[in-house]
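Trainee: could you work out the structure for the sequence below:
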Amino acid sequence: MIISAKRKKEVAIPEEGTYHAKVSSVTGRPAEGEPKRILIGFRVDGYAKDIIKENPAAFIAGSPLRADTETILGRSFTTTEADEGFELTKLVGLKSQIVVFHKAGSGGRPRPAVSLVLPATTE
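Mentor: Numbering: from 1, shown residues only. Okay, here's the model as predicted:
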């Protein structure tokens, strides 16, 4: 019996580096109502899928989610604003820069992920 590798159409992933991006999605996991993790999806030119940044669902000062949100918005939250809460879906459509790295996905294939969110710059 002969078996061979079936080649799927290879989709080129973005190289590691810094990209201009837009927030394309914000999702809570495992459930939207009581998330433990927040996944922020970013889109970059030339790549049709979201590139994800995953953070714990904590919004206290100094938390990664709050820092990323403030970076995307371009301003810090006041204590009152943070205590009242912020609707994360308001980030969708806003520009920023992201630093992309590769990590192992299913089957050991590399997939892009976001390591750092930076302020937007003029393109």
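Trainee: and V117, that one's in a strand?
Mentor: Yes - assessed with DSSP: H, G, I helix; E, B strand; the rest coil, V117 lies in a strand.
Trainee: so which elements touch the helix ranked longest in the chain?
Mentor: Counting by DSSP state H, the longest helix found in the chain is helix 64-73. Secondary-structure packing of helix 64-73 (3 or more C-beta pairs under 8 Å, 6 or more residues apart in numbering; DSSP states H and E): strand 51-56, strand 110-118. (Each C-beta comes from the backbone N, C-alpha and C, glycine too.)
Trainee: between these, which gets nearest to H20?
Mentor: Comparison of these against H20 by C-beta to C-beta identifies strand 110-118 as nearest, at 9.8 Å.
Trainee: buried residues, the closest one. List them.
Mentor: Residues 112-114, 117-118 are the ones in strand 110-118 that count as buried (16 or more other C-beta atoms under 10 Å).
Trainee: and of those residues, the nearest to K53?
Mentor: Closest approach between the buried residues of strand 110-118 and K53, by C-beta to C-beta: V114, at 3.6 Å.
Trainee: I figured that closest one hits V99, correct?
Mentor: Yes - proximity of V114 to V99 meets the contact threshold set by C-beta atoms under 8 Å, at 6.9 Å.
Trainee: what packs against the biggest strand by length in the chain?
Mentor: For the chain, the strand with the greatest residue count under DSSP state E is strand 17-29. Packed against strand 17-29, as judged by 3+ C-beta pairs under 8 Å, 6+ apart, are the following elements: strand 37-43, strand 95-104.
Trainee: most packed of those strands?
Mentor: strand 37-43 (a mean of 19; mean count of other C-beta atoms under 10 Å).
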